[in-house]
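Chemist: Provided below for reference: sequence and predicted model.
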Amino acid sequence: MDSKGASDEGGYTLQSVIDRVSDPLAAHGVSLDTASAIAYKLEGAELVIVTAHGGLVPGNRYFQVVKDDANLTLTGSDLGSALKNVGVAILFVCSGGRLDPHPMAITTLGLARQVLGNGCTTVIASPWPIDSRIPSHWLPAFLDSWDAGVPVIDAVFDANTRVRDSFSSEFRDCLAMSVYGDPLRTKA
């Protein structure tokens, strides 16, 4: 996550995000795993929320790596494999929704593409770096709509609107989270 303009308590950006979203997650019955390792028990989950740093290859061309604030470093394919057959994956990962043209084929490359390719139905992610304060505004609105049975595309609209109204009307902030895959999926 991008911590520009945000207080990240000495480099602990992800911990500050956890501190800001733990109450809304608990209110919606979403369990929180803060281990510094990927949870491979996610396969088949209805909803998974990932918060991490995203990195691009030198030259800012392709998505390369997912990191935490400590020592965890994963490739996009590692995370994609961990999210196998997940219903909806929300990726608060900088550039997690970025899609670049494949240099030798008629397709795209990127983290969202890898997650979808592993059977995930819907991915919600930002194609560019996001401010670490966005999840605390975005997630409660999304979860309210999701729990009410609203299709994911409308829940994302509601959440983006909340970001616009309560945090920032800059397009980079209020339109950061985008839907990839099935936009009509609802909570089972």
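Modeler: Everything's here; your move. Numbers count the residues shown, from 1 in each chain.

Chemist: packing partners for the helix or strand hosting Phe142?
Modeler: Using DSSP states H and E, Phe142 sits in helix 134-147. If contacts are counted by 3 or more Cβ pairs under 8 Å, 6 or more residues apart in numbering; DSSP states H and E, helix 134-147 sits against helix 13-27, strand 47-56, strand 88-93, helix 152-166. Backbone N, C-alpha and C define where each C-beta goes, glycine included.

Chemist: any chance of the ones you listed in a markdown table, plus mean pLDDT?
Modeler: Output for these, formatted as a markdown table (pLDDT from 0 to 100):
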| stretch | mean pLDDT |
| --- | --- |
| helix 13-27 | 88 |
| strand 47-56 | 86 |
| strand 88-93 | 95 |
| helix 152-166 | 98 |
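
Chemist: okay, and Arg113 sits in which element?
Modeler: Here Arg113 sits within helix 111-117, counting by DSSP H and E.

Chemist: what lies in contact with the helix or strand bottoming out on mean pLDDT in the chain?
Modeler: One helix or strand of the chain scores below all others by mean pLDDT, DSSP states H and E: strand 63-67, with a mean of 76. Here strand 63-67 makes contact (Cβ atoms under 8 Å, 6 or more residues apart in numbering) with 50, 52-57, 72-76, 78-79, 93, 95-96, 98, 100, 109-111.

Chemist: can you say which of these are buried?
Modeler: Buried members of these, counted by 16 or more other Cβ atoms under 10 Å: 50, 52-56, 74, 76, 79, 93, 95-96, 98, 100, 109-111.

Chemist: what residue ranges in the chain score low on pLDDT?
Modeler: Scanning the chain for pLDDT under 70 picks out 1-11, 36, 39-40.

Chemist: mind giving me the packing neighbours of the helix holding Arg113?
Modeler: Judged by 3+ Cβ pairs under 8 Å, 6+ apart, helix 111-117 is in contact with helix 76-82, strand 88-93, strand 122-125, strand 178-181.

Chemist: ok, and the closest non-adjacent residue to the residue positioned nearest the centre of the chain?
Modeler: Nearest residue to the geometric centre of the chain (Cα atoms, centre = their mean): Leu91, 1.3 Å. Once flanking residues are discounted, Leu91 sits nearest to Ala125: 3.9 Å by Cβ to Cβ, 6 or more residues apart in numbering.
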